[in-house]
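Enquirer: generate coordinates for the sequence data below:
(chains A and B)
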Amino acid sequence: MDEKLPPPSPGEQAQRLEEERVTRRTFLMNVGIGLNALVTLALAAPVVAYLFGPVLRRKEYRSWVSLGDASVFRPGETTLVTFRNPFSDPWDGDTAKVPAYVRCAEPGNYTVFAINCAHLGCPVRWFSESQLFMCPCHGGVYYADGSRASGPPERGLFTYESKIDEGKLMINAGQLPTLRNRASAGPCPGADAPKVQALVTRIETCPSTESSGTSASTIG
Amino acid sequence: MPEYRKLWYKRLYDWLERRLQLEGPIKEAVLHPVPKSTASWWYVFGSASLVLLILQVVTGILLGLVYTPSAANAWNSLQILNHDLPLGWFLRAMHGWGSDFMVAVVLIHMAQVFLFGAYKFPREFTWILGVFMLLMTLGMAFTGQVLRFDQDAYWGLGIGASIVGRIPLVGGQLVHMMLGGPIINGATLTRFFALHVFIIPGTLLAFTGLHVWMVLKLGINEWPMPGRIVRRETYIQEYNELAHTDGIPFVPGAVWKDLVFSAAVIFAVAFCAAMFGPYGPKGYPDPTIINTVPKPDFFFLWIYTVLSYLPPEMETPFILIAPIVAVLILVALPLVAGVGEKSWWRRPVAVFSVMFIAICFGVFTHLGTYTPWSPQMNAWSGAVVPVQYLERRTPLERQGANVLQEKQCRNCHSIGGLGGMRGPALDDVATRLTEDQLIRQVLLGGGNMPAYGSALSPAETTALVRFLTTLRPHYRPAANDASRQVVGQAGSVPPNSTVEHGGGQTAVH
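Expert: Numbering: from 1, shown residues only, chains lettered A, B, ... in the order given. Presented below is the predicted three-dimensional model:
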């Protein structure tokens, strides 16, 4: 059984050599592609981290901001205040300023509302005569205590967590309040109650309301 | 002709052509035969969109020479463009009007392609790319509105962030991703600047290249004839026969209409720019100026309307799901309906869909121009009570008119055509509600009305309701509560009354 195969013809030899050569070149090309893929991956990590920077820094955004002397907010009144966002850049200009409403329902009891309508973030306006907040965009209306009165909002106004520190009214602020980024870090009143899970939540109970508006009247 | 006897520019051309070798492909592209029927005025919107895109790129680059993408200075740099730089206002106006025209022409192009069945085999992917190009065109319009960085832009970003914030689980992270930080500020503007100037236009131009490439490779859609069915097996052959037997070269046979229409569109843009000028910038983007009524640009007004009219419980699901479904439908359209009839005469559903969408767009946009759902913030101090509603009224009733003004009722309710349209007009309210019903409505609210129980003293309520009971035309009776009559007779229904018989059609004596 030592029958030998005939040697390859010169043409076949050339063809085999050609195949071998191409294989080696293809291999080197694949190495090149692989190297580029590695370099791209190595570059992608910092690029993605750079792009997600604003998300990765979320924890830093909120801090306590002073709204000034608490005693200037008189009981029964709702006042428009302005503060500088604690997290801002020099080139932000006036966009670093944030307005808010301070409501003093009774002496020592302050509620600070975000200016942004809970519907889609437009600036609500306070009407002291009718004791209502009205939104110019889509017609959301809130009572003086921030609870929803009518229109498309599905909850009351966003509130900032607040405290009195050495006579100053402080709020925990720093980010644009939206339905997922609450203005307040603390749980809203009534949040302890077990929530009914529904596919579609109708109207959130936060901030819960004991009474709507104040009885303070401006005429008569 | 010997080389040296040629004119210098012909020699230059030959020199370049020997190196570039572009003449062949270009000649092939411009001289390729197209069916004679496509040389139609209906087929000019695609090329006009391309010309408008080029106009936007050119005017955009020119504006970029001056515009400052910084939150502190963007608004000021637009003021400089508008007022200080010679013809800066005209370039801003060209870019702004060019944007409006581009969205409009792209939408018309899309409707035409849809109605002519041009998205069917083998042009499915041309349509799918076109869908994304439409989305990018709208994205350019929105980000361009942001770069104007006035109060509309600022609060428009707030609306965008609020919508993003409704996304489950990752909404909060996405808001910070979109804004580039915790609030709307300089980082937000630079993000949208990069989107508007680099990312979206770069992608849009690449997609446009592919889109046009496919139009050249697959041929311009023939004029649809009822009964000429698209079949995958035979279409290419049929199209080639049509193009070669009844065809003309694209240049100049069909292109002259494209050229004329494009010139007309550019002239229209320039005319509007010169006549109406640049749009904005409106109020200075200081978020503490809250006396503002933000409004989106024209092509987003319909969304503004939809967002106002959606019931609260439907809103989040709708605004998160509807856009995805809409895009999926558009992308799936050529894959689902890729063969069959092209002619609108045989596609009634297609025709009615376009009509329905056009009518919805028109109605919603029209509503968005005067926003009947928004309270009119200045009506309570600005809109007068018509004199005839105060004549021959008692002092108490006139005091009620005062309460009506003071308590901002007019922000939502109109009288004599002045005031908000959020609630019903009060000119004939006394024909609809009795005094008792008015008191109940004012104190407890209901429908879409806030309760005023805690904002009104009893005296104010009495005065207000007394005034409201006078508001009816003299020829119409005051509202009356039928149940009160029954109560007045100690609960006994009068015999033989219509109430007892359950009818109201026959007179009972």
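
Enquirer: residues near B:Leu7, how many?
Expert: For B:Leu7, the neighbour count with other CB atoms under 10 Å in any protein chain shown is 8. Where C-beta positions appear, they are placed from N, C-alpha and C, glycine not excepted.

Enquirer: from B:Leu52, how far out is it?
Expert: 36 Å (CB to CB, to the nearest Å).

Enquirer: cool, A:Arg57 as well?
Expert: Relative to B:Leu52, and taking CB to CB, A:Arg57 is found at 40 Å.

Enquirer: can you check B:Thr305 too?
Expert: 26 Å.

Enquirer: same question, B:Gln237
Expert: Distance from B:Gln237 to B:Leu52, by CB to CB: 36 Å.

Enquirer: so for these two, which residue has more residues nearby?
Expert: Using other CB under 10 Å, the more surrounded residue of B:Gln237 and B:Leu52 is B:Leu52, with 24 against 9.

Enquirer: in this structure that one contacts B:Val103, no?
Expert: No: in this structure B:Leu52 lies outside contact range of B:Val103 using CB atoms under 8 Å: 9.3 Å.

Enquirer: after the longest strand along chain A, which helix or strand is next?
Expert: Counting residues, the longest strand found in chain A (DSSP state E) is strand A:97-106. Along the chain past strand A:97-106, the next helix or strand (assigned with DSSP states H and E) turns out to be strand A:109-114.

Enquirer: so what secondary structure elements neighbour the helix or strand hosting B:Thr208?
Expert: Per DSSP H and E: B:Thr208 is located in helix B:200-218. Packing partners of helix B:200-218 (3 or more CB pairs under 8 Å, 6 or more residues apart in numbering or on different chains; DSSP states H and E): helix B:45-64, helix B:124-147.

Enquirer: got the contact list for the helix or strand that the shortest one is followed by?
Expert: So that's helix B:45-64. Using DSSP H and E, the helix or strand that directly follows helix B:45-64 along the chain is helix B:74-83. By CB atoms under 8 Å, 6 or more residues apart in numbering or on different chains, the residues outside helix B:74-83 that reach it are B:63, B:66-68, B:88-89, B:91-92, B:147-150, B:189, B:278, B:280-281, B:284-285.

Enquirer: so which of these would count as near chain A as well?
Expert: Among these, proximity to chain A is found for B:284-285 (CB under 8 Å from any CB of the partner chain).

Enquirer: buried ones from the contacts of helix B:74-83, can you make that a PyMOL selection?
Expert: Buried subset of the contacts of helix B:74-83, written as a PyMOL selection, criterion 16 or more other CB atoms under 10 Å in any protein chain shown:
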select buried, chain B and resi 63+67+68+88+89+91+92+147+148+149+150+189+278+280+281+284+285
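
Enquirer: next up, the contacts around the nearest residue to B:Pro249 once chain neighbours are set aside.
Expert: Counting by CB to CB, 6 or more residues apart in numbering or on different chains, B:Pro249 lies nearest to B:Leu31, which is 4.6 Å off, once chain neighbours are set aside. For B:Leu31, the contacting residues are B:249-251, by CB under 8 Å, 6+ apart.

Enquirer: and for A:Cys137?
Expert: Residues counted as contacts of A:Cys137 (CB under 8 Å, 6+ apart) are A:117, A:119-120, A:122, B:155, B:159, B:293-294, B:304, B:308, B:374.

Enquirer: repeat for B:Gly180
Expert: For B:Gly180, the contacting residues are A:54, B:187-188, B:190-191, by CB under 8 Å, 6+ apart.

Enquirer: again, but for B:Pro224
Expert: By CB under 8 Å, 6+ apart, the residues touching B:Pro224 are B:116-117, B:341-344.

Enquirer: and which of the residues you listed is nearest chain A?
Expert: B:Trp344 (37.3 Å; CB to the nearest CB).

Enquirer: name the residue of the stretch 301-450 of chain B that lies nearest to chain A.
Expert: Residue nearest to chain A within the stretch 301-450 of chain B: B:Pro450 (3.5 Å; CB to the nearest CB).

Enquirer: separation between that residue and A:Ala100?
Expert: Between B:Pro450 and A:Ala100 the computed distance is 22 Å (CB to CB).

Enquirer: what's the answer for B:Ala72, then?
Expert: For B:Ala72 relative to A:Ala100 (CB to CB), the value is 22 Å.

Enquirer: who's more crowded, the two?
Expert: The neighbour count for B:Ala72 versus A:Ala100, taken as other CB under 10 Å, is higher for A:Ala100 (24 against 19).

Enquirer: show me where the stretch 151-300 of chain B has its strands.
Expert: With DSSP state E, counting those that start in this stretch, the ranges of strands along the stretch 151-300 of chain B come out as B:247-249.

Enquirer: contact residues of it facing chain A?
Expert: Counting by CB under 8 Å from any CB, the stretch 151-300 of chain B sits next to chain A at B:154-155, B:158-159, B:161-167, B:171-173, B:175-177, B:179-187, B:284-288, B:290-294.

Enquirer: same question, the stretch 351-500 of chain B
Expert: B:373-375, B:377, B:380, B:402-403, B:406-409, B:411, B:422, B:445, B:448-457, B:459-460.

Enquirer: weed out the non-buried ones from those residues.
Expert: The neighbour count (16+ other CB under 10 Å) marks B:373-375, B:377, B:380, B:402-403, B:406-409, B:411, B:422, B:445, B:449-452, B:454-456, B:460 as buried among those.

Enquirer: among the residues you listed, which lie within helices?
Expert: With helices taken from DSSP state H, the overlap with those comprises B:380, B:402-403, B:406, B:460.

Enquirer: closest to B:Thr59 among those residues?
Expert: Closest to B:Thr59 out of these is B:Trp380 (43.5 Å), distances taken as CB to CB.

Enquirer: give the closest residue to that closest one in space, chain neighbours not counted.
Expert: Nearest residue to B:Trp380 in three dimensions, chain neighbours excluded: B:Gln408, at 4.2 Å (CB to CB, 6+ apart).

Enquirer: wait, what's in contact with the one you found?
Expert: Neighbouring residues of B:Gln408 by CB under 8 Å, 6+ apart: A:127, A:129-130, A:132, A:134, B:375, B:379-380.

Enquirer: go on, B:Val51?
Expert: Applying CB under 8 Å, 6+ apart, one finds that B:Val51 lies in contact with B:262, B:265-266.

Enquirer: how about a cut-off of 6 Å?
Expert: Going by CB atoms under 6 Å, 6 or more residues apart in numbering or on different chains, B:Val51 touches B:Ser262.

Enquirer: and the one helix or strand B:Phe318 maps to, what other elements does it pack with?
Expert: Following DSSP H and E, one finds B:Phe318 within helix B:312-336. In terms of contacts (3 or more CB pairs under 6 Å, 6 or more residues apart in numbering or on different chains; DSSP states H and E), helix B:312-336 is packed against helix B:124-147.

Enquirer: can you name the residues in contact with the helix it packs on?
Expert: Outside of helix B:124-147, the residues within contact range by CB under 6 Å, 6+ apart are B:99, B:103, B:106, B:119, B:153, B:192, B:195-196, B:200, B:204, B:207, B:210-211, B:214, B:297, B:299, B:330-331, B:334, B:338.
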